[in-house]
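Peer 1: Return atomic coordinates for the entry below.
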Amino acid sequence: MSINNRIEEFALFGPAGNSEDFYEAGNRSIYQVADWLYKNNLSAFEYQCGRGVKISDDSAKDFGELAKEKNIRLSIHAPYYISLSSTEEEKRDNSINYILSTLNVAKHMGADRIVIHSGSCGKITRVEALALASDTLKKAVAEADKNGFENIHLCPETMGKVKQLGNVDEVIKLCLIDERIIPTIDFGHVNAMSLGQYNSKESILEIFDKIHNKLGEYRAKNFHAHYSRIEYTNAGEKKHHTMAEKEFEPDFEPIAEILAERNLTPRIICESAGTQTVDAVQMQNMYREFLCQN
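Peer 2: Numbering: from 1, shown residues only. Alright, predicted model coming up:
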């Protein structure tokens, strides 16, 4: 196994997919993304394959080269319908194939990490669901090695609905399978699944401490992350909102403060509803203000 454990000097920020103002500015093509991010002083981008891997190898390579010229770090969100914890063997096997397809695009694009949903608990217990997901992810790691994708990080994501598999502890356990697996901490999801328990500096520190204690220094500093304000009900996540809609949680300020204080250097992808670029810039500015205070 050969993992490129790049150490960043600072946290990196960027959008998930293209925001509304990207198109309002007259942009239409994936090949315009790198220039757009560069103009906005952002250095990360998460390409969206949530509804399927549809980009060709050649297009992925061309896009990746443009991003590399602008020093933009790339990640890819794997299809949403991946279910590592399905009770149906065929769905688990298909999920491995979807992961391999995403890894293939990542290799051509030069993306060093892919984000993966672990699935739901359904009618089985969380313990049973985690056991199934762990077994599937182990098989995915083995298949990744066989197919030459061993240097790309797999990033299981914390989920937002109460009945989904993927709270912080469960994601950490999945990451213990292999050192190439790093957590995607979606702060909005974590807060929504817990029905509002993770919107303070103290509670967010608990997350970072768990990652450090269980996964070690590198993954504690260089985890992957998503952020947006998320509306939730008793069932958890309901809807993504924008940074400006402050009636929804969580706030980014305590997260930015901790990143600066602890010299953490994650890649933080903004998933606001249509305002990903402007909100990513706002998040980056907030983080840099805290850096100047330390």
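
Peer 1: I'd assumed residue 38 was in contact with residue 70.
Peer 2: Yes. Contact status for residue 70 versus residue 38: in contact at 4.4 Å, counting by Cβ atoms under 8 Å. Bear in mind the C-beta positions are built from the backbone N, C-alpha and C, glycine included.

Peer 1: For residue 49, give me its contacts.
Peer 2: By Cβ atoms under 8 Å, 6 or more residues apart in numbering, the contact set of residue 49 is 55, 76-79, 102, 105.

Peer 1: switch the cut-off to 6 Å
Peer 2: Applying Cβ atoms under 6 Å, 6 or more residues apart in numbering to residue 49 gives the contacts 76, 78-79, 102.

Peer 1: now swap in residue 159 and tell me
Peer 2: 166, 189.

Peer 1: How much space separates it from residue 265?
Peer 2: Between residue 159 and residue 265 the distance is 24 Å, computed by Cβ to Cβ, to the nearest Å.

Peer 1: Repeat that for residue 81.
Peer 2: Using Cβ to Cβ, we find residue 81 at a distance of 32 Å from residue 265.

Peer 1: and if you look at residue 230?
Peer 2: In terms of Cβ to Cβ, residue 230 sits 24 Å off from residue 265.

Peer 1: more neighbours, the two?
Peer 2: residue 230 (26 against 16; other Cβ atoms under 10 Å).

Peer 1: nearest residue to that one other than its sequence neighbours?
Peer 2: residue 188 (3.7 Å; Cβ to Cβ, 6 or more residues apart in numbering).

Peer 1: Do you know the pLDDT at that neighbour?
Peer 2: Predicted confidence (pLDDT) for residue 188: 98.

Peer 1: mind listing what's buried in the host helix or strand of it?
Peer 2: Assigned by DSSP states H and E, residue 188 belongs to helix 187-193. By neighbour count with 16 or more other Cβ atoms under 10 Å, helix 187-193 contains the buried residues 187-193.

Peer 1: Then stretch 22-32?
Peer 2: Buried residues in stretch 22-32, counted by 16+ other Cβ under 10 Å: 22, 27, 30.

Peer 1: a markdown table for the buried residues of helix 187-193, including distance to residue 272?
Peer 2: Listed next are those as a markdown table, based on distance: Cβ to Cβ, whole Å:
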| residue | distance to residue 272 |
| --- | --- |
| 187 | 12 |
| 188 | 9 |
| 189 | 14 |
| 190 | 16 |
| 191 | 15 |
| 192 | 15 |
| 193 | 19 |
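
Peer 1: ok, the residues you listed vs residue 223, which is closest?
Peer 2: Of all the buried residues of helix 187-193, residue 187 has the smallest distance to residue 223: 11.3 Å, by Cβ to Cβ.

Peer 1: So what's the gap between stretch 207-224 and the chain middle?
Peer 2: Remark: stretch 207-224 is offset 15 Å from the chain centroid, using Cα atoms, centre = their mean, to the nearest Å.

Peer 1: Kindly check the end-to-end length of that stretch for me.
Peer 2: Taking Cα to Cα, to the nearest Å as the measure, stretch 207-224 stretches 13 Å from start to finish.

Peer 1: what's the answer for stretch 220-232, then?
Peer 2: Terminal residues of stretch 220-232 lie 27 Å apart, using Cα to Cα.

Peer 1: swap in stretch 105-125?
Peer 2: Per Cα to Cα, stretch 105-125 runs 34 Å from first to last residue.

Peer 1: Rounded mean pLDDT for that stretch, please.
Peer 2: 96.

Peer 1: Quick check: buried residues in it?
Peer 2: For stretch 105-125, the neighbour count (16+ other Cβ under 10 Å) marks 105-121, 124 as buried.

Peer 1: again with stretch 205-223
Peer 2: Buried positions in stretch 205-223, judged by neighbour count with 16+ other Cβ under 10 Å: 207-208, 210-212, 214-215, 219-223.

Peer 1: wait, isn't residue 13 in contact with residue 268?
Peer 2: Yes. Using Cβ atoms under 6 Å, residue 13 is in contact with residue 268, at 5.2 Å.

Peer 1: Strands along the stretch 151-294 of the chain, start to end?
Peer 2: Along the stretch 151-294 of the chain, counting by DSSP state E, counting those that start in this stretch, strands occupy 153-156, 184-186, 224-227, 230-233, 236-240, 267-270.

Peer 1: Return the list of helices and strands in contact with the longest one.
Peer 2: What that stands for is strand 236-240. Strand 236-240 makes packing contacts with helix 187-193, strand 230-233 when contacts are defined by 3 or more Cβ pairs under 6 Å, 6 or more residues apart in numbering; DSSP states H and E.

Peer 1: Could you pull out the buried residues of that strand?
Peer 2: 236-237, 240.
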